[in-house]
Structure formats: structure tokens, C-alpha cells
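> Here's my sequence, what's the structure:
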Amino acid sequence: MKESLNELVDGLVNTGFFLEEAVEILESLMIQKTLLRRGGNQSLTAKDLGIHRNTLQRKMVQYKLDGKRPAPKPPASANGKRPRAASKTS
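You can find the predicted model right below:
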């Protein structure tokens, strides 16, 4: 893991990323993935990330993250294909 992070940092430094931009990207992605893993539960997400829930909510506003679960996909039909949406013909 540490080796992978070292390679990532080398790439960021070599491409001219500013520290603030790299931190924002890392924070945003970690929050998004943890929210997804925790089904949108902000208390558990904050606990997993080691931050206060208020801090999580502030960062969600800052990074424009809604924390909602992704919409479930409709079930496949018997032939394995998803049903098409009904077309409006009036």
C-alpha cells in the first residue's frame, strides 16, 4: 500500500498538482466510497473516516456530495434483458 501511495505522489508531483487540489480529490473520493460502502449512513461514514459527523457534513457540502444511495437497477426479465421503459404515444 505504501509503495502504491509513493507512486501516486510521484505522479502528482511530476504532473504539477498543487497539494490543496490533491487533498480535495483524496478527501472527496474517500468520502464518496465510504458513504457508498455504508449505504449513505453519515454517522458510520464519519466513524470509519475518523472525523466528526459535522465535519463530514461540511465536507459533503464543500464537495457537493449528496450521500444518497445509487438508484437500484430494475430486475432482469426471464430472458435476461431489462424491460424497456414504456413509450408515450398520444
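
> where does this structure have low pLDDT?
Low-confidence segments of the chain, defined by pLDDT under 70: 69-90.

> got the contact list for the helix ranked longest in it?
Longest helix in the chain, counting residues (DSSP state H): helix 19-37. Helix 19-37 has contacts (C-beta atoms under 8 Å, 6 or more residues apart in numbering) with 12, 41-42, 45, 48-49, 56, 59-60, 63, 65, 67, 69-70. For the C-beta atoms, the positions are set from N, CA and C on the backbone; glycine is no exception.

> same thing but 10 Å
Helix 19-37 is contacted by residues 8-9, 12-13, 17-18, 41-42, 44-49, 51, 56, 59-60, 62-70 when judged by C-beta atoms under 10 Å, 6 or more residues apart in numbering.

> Can you flag which of the residues you listed belong to helices?
Counting by DSSP H, the part of those found in helices is 8-9, 12-13, 42, 44-49, 56, 59-60, 62.

> From those residues, keep the buried residues only.
Leu12, Gln42, Thr45, Ala46, Leu49, Leu56, Lys59, Met60 (16 or more other C-beta atoms under 10 Å).

> Let me see the contact set for the third one.
When the contact criterion is C-beta under 10 Å, 6+ apart, the partners of Thr45 are 30-39, 51, 53, 56, 60, 67.

> Name all residues that make contact with Gln57.
Applying C-beta under 10 Å, 6+ apart, we find Gln57 in contact with Gln42, Ala46, Leu65, Gly67.

> just Gly50 next, same as before
Going by C-beta under 10 Å, 6+ apart, Gly50 touches no other residue.

> Backbone torsions only: list them for it.
Recorded main-chain torsions at Gly50 are phi 70, psi 30, according to degrees, to the nearest 10.

> How about Gly39?
Note on Gly39: its backbone torsions stand at phi 60, psi 30 [degrees, to the nearest 10].

> going forward, begin numbering at 13 instead of 1
Sure, I'll start counting at 13 from here, so that last one is Gly51.

> how close does it sit to Ile37?
Computed as C-beta to C-beta, to the nearest Å, the Gly51 to Ile37 distance reads 24 Å.

> Please say which of the two ends up with more neighbours.
Neighbour comparison, Gly51 and Ile37: the larger count goes to Ile37, with 13 against 10 (by other C-beta atoms under 10 Å).
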